[in-house]
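Asker: Model the following, please.
(one chain, ligands or ions: 1)
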Amino acid sequence: MRKKVVSFLASGRGSNFQAVARKIQSGDISRACLGVLVSDVPDAKALEIARDFGMKAHFVDPRAFASRAAHEKAIVKLLKEANTDLIVAAGYMRILTPYFVREYKNRIINIHPALLPSFPGVHAQKQAFDYGVKITGCTTHFIDEGTDTGPIIMQRAVPVEPDDTAESLAERILKEEHVILPLSVDLFCRDKLEVKGRKVVIK
Ligand code: GRF
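Answerer: Next up, the predicted model:
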C-alpha cells in the first residue's frame, strides 16, 4: 500500500504538528510521509519546526487575498501540488469554508482541547476551567462545515485538580493531545477509520 502524504495547517507554536511529524519521520506512523506545512501567521514557530524536518513550509498571507475563498484556494493549490492525502489542522486558528471542507471531505483531522461537543471554539481549556467541570480533555475529529462539530475520532479525559489553574490544566490536556493526534493520524493512514454519518468506526 502506498504511503499517505500528510500535510499540516498551523498558526502557532506547532507542538501538535511536531508530535505527529516526529512519529512519521521515525517510522512509528509507518504508512505516512511528510507533505507540506501551511501557516497563516508569518512568525509561527510551526514554520521553523517544519523546515527543521526538511519539509516545505509556506506562509500564505490572508491579507494578500480579497476573500477567504481566494486565500483558501491558494492553500489548496499548495496542498494538491504536494499530493496531500490527509490534512492535519494542528492549532490552525481559522474556520475552513465549505469549499475547503468539500475539497478534502473526511480527510482533515483537527485536534481540540476539550471533550466535544462541550466547549467548542477558542480558549476551550479556559472555558472548561471557568465553567467548573471536574473532567475535561481533548478530542480529535474530522472537520465538517461547522465549528468543531465534525465526526469524533478519539477522546481522552483529563480530570481537573483542586489546585489547577487554567494554564496548568491546559498543559496536562496538551500532553494527551500529543497522544491522540498521532494515534488518529496512524489509524487514518492504515485505512482504519470509516465515517458513517456522525460516527467514526475504528475498524
Ligand atoms: C492546541 O491546544 C490545540 O488543541 C488547539 O490549539 C493548540 C495548538 O497548540 N487547537 P500547538 O500549536 O499544537 O502547540
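Asker: Spit out the contact partners of V5.
Answerer: By CB atoms under 8 Å, 6 or more residues apart in numbering, V5 lies in contact with A32, C33, L34, G35, A82, N83, T84, D85, L86. Bear in mind the C-beta positions are built from the backbone N, C-alpha and C, glycine included.
Asker: As TSV, these with pLDDT would be great.
Answerer: Listed next are the contacts of V5 as TSV, based on pLDDT from 0 to 100:
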residue	pLDDT
A32	98
C33	98
L34	98
G35	98
A82	98
N83	98
T84	98
D85	98
L86	99
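Asker: Please, which helix or strand holds the residue of the chain found nearest the ligand?
Answerer: Closest approach between the chain and the ligand, counting by CB to the nearest ligand atom: G91, at 2.7 Å. According to DSSP states H and E, G91 maps onto no helix or strand at all.
Asker: okay, now it: neighbour count?
Answerer: Burial of G91 is recorded as 22 neighbouring residues (other CB atoms under 10 Å).
Asker: Mind pulling up the pLDDT for it?
Answerer: On pLDDT, G91 comes in at 97.
Asker: cool, and M1?
Answerer: 75.
Asker: residues contacting it?
Answerer: Applying CB under 8 Å, 6+ apart to M1 gives the contacts R31, D191.
Asker: And T139, by the same measure?
Answerer: Applying CB under 8 Å, 6+ apart, the residues near T139 are I111, H112, A114, L115, L116, D148, I152, I153, M154, Q155, I180.
Asker: Could you list which of those belong to helices?
Answerer: Per DSSP state H, helices hold the following members of those: I180.
Asker: Going by neighbour count, which of the contacts of T139 comes out on top?
Answerer: I111 (26 neighbours).
Asker: Excluding sequence neighbours, find me the nearest residue to that residue.
Answerer: Closest residue in space to I111, ignoring its immediate chain neighbours: L181 at 4.8 Å, by CB to CB, 6 or more residues apart in numbering.
Asker: Next one: the one you found from P42, what distance?
Answerer: 24 Å (CB to CB, to the nearest Å).
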